[in-house]
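[1] sequence and computational prediction follow.
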Amino acid sequence: MENEQRKKLPAIIIPITVVLLVVIAFLAGMKLRGCEPAPAPTADAAAQDPSALNEWDPQVTDPDTSASRTRSIRIPGYPELQLPAETVTVPVRFVNPEGNPCTFRFELVLDENNETLYTSGLVPPGKAIQEITLSRPLPPGEYAATLRISTASLDTHEAMNGAHHATKLIVT
């Protein structure tokens, strides 16, 4: 009987030892990688910021109604443009939204060779270009292009933020 207990002892100790070694290795790995549990927040960490006031100075404007918001530039997106094949005069709708503080200049550029297909004049806010003349006709196909929109202030005519929109030309 004593002999049977000796045989069972290693059968129990070996799996327990393996499990303990795996747990120790896991914990050591976590410690080395800096993955320790975050400490529980203290009362100080949950305290209200003293600069957050219940009453606020009415002279400080709400960001949604501030002059900076009304002076922001709205730029429309053009994910794809449908163009007729083998012609240079094509219908589009390049818009400078009403209320923008700037003029727009549109430039349509093929990505594969950086070829400029079209450059507009200055487009004032609330106006749109509805037809353009390409530098050359395009055969049917799909083309990766960029519509570059540059802006200039209505007041000072200085450059402002613009945009480069990736677009797909679908020529049929």
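    Great, that's in hand. Numbering: from 1, shown residues only.

[2] which stretches in the chain count as helices?
    For the chain, applying DSSP state H gives helices covering 2-33, 67-70.

[3] not counting sequence-adjacent ones, nearest residue to A144?
    Nearest residue to A144 in three dimensions, chain neighbours excluded: D111, at 4.1 Å (CB to CB, 6 or more residues apart in numbering). No exception for glycine: its C-beta is placed from N, CA and C like everyone else's.

[4] contacting residues around that neighbour?
    For D111, the contact set (CB atoms under 8 Å, 6 or more residues apart in numbering) comprises 143-146, 166.

[5] which regions of this protein lie under the pLDDT threshold?
    Within the chain, the segments meeting pLDDT under 70 span 1-11, 26, 28-71.

[6] for it, longest strand please?
    Criterion DSSP state E: the longest strand present in the chain is strand 141-153.

[7] packing partners of that one?
    strand 102-110, strand 163-171 (3 or more CB pairs under 8 Å, 6 or more residues apart in numbering; DSSP states H and E).

[8] got the angle for the first one vs strand 163-171?
    Put plainly, it is strand 102-110. Put simply, strand 102-110 runs at 50 degrees to strand 163-171, going by axes from the mean of the first three to the mean of the last three CA atoms, to 10 degrees.

[9] now strand 102-110 against strand 141-153, angle please.
    Using the same axes, to 10 degrees: strand 102-110 against strand 141-153 is 160 degrees.

[10] can I get strand 102-110 in CSV, CA atoms only?
    What follows is strand 102-110 as a C-alpha-only set of coordinates in CSV (Å, rounded to 0.1, in the frame of the first residue of the first chain):
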residue,chain,number,x,y,z
CYS,A,102,-12.5,82.5,-48.9
THR,A,103,-12.5,81.8,-52.6
PHE,A,104,-11.7,78.3,-54.0
ARG,A,105,-9.5,77.3,-56.9
PHE,A,106,-10.0,73.7,-58.2
GLU,A,107,-7.3,71.7,-59.8
LEU,A,108,-8.0,68.2,-61.1
VAL,A,109,-4.8,66.1,-61.4
LEU,A,110,-4.3,62.5,-62.6
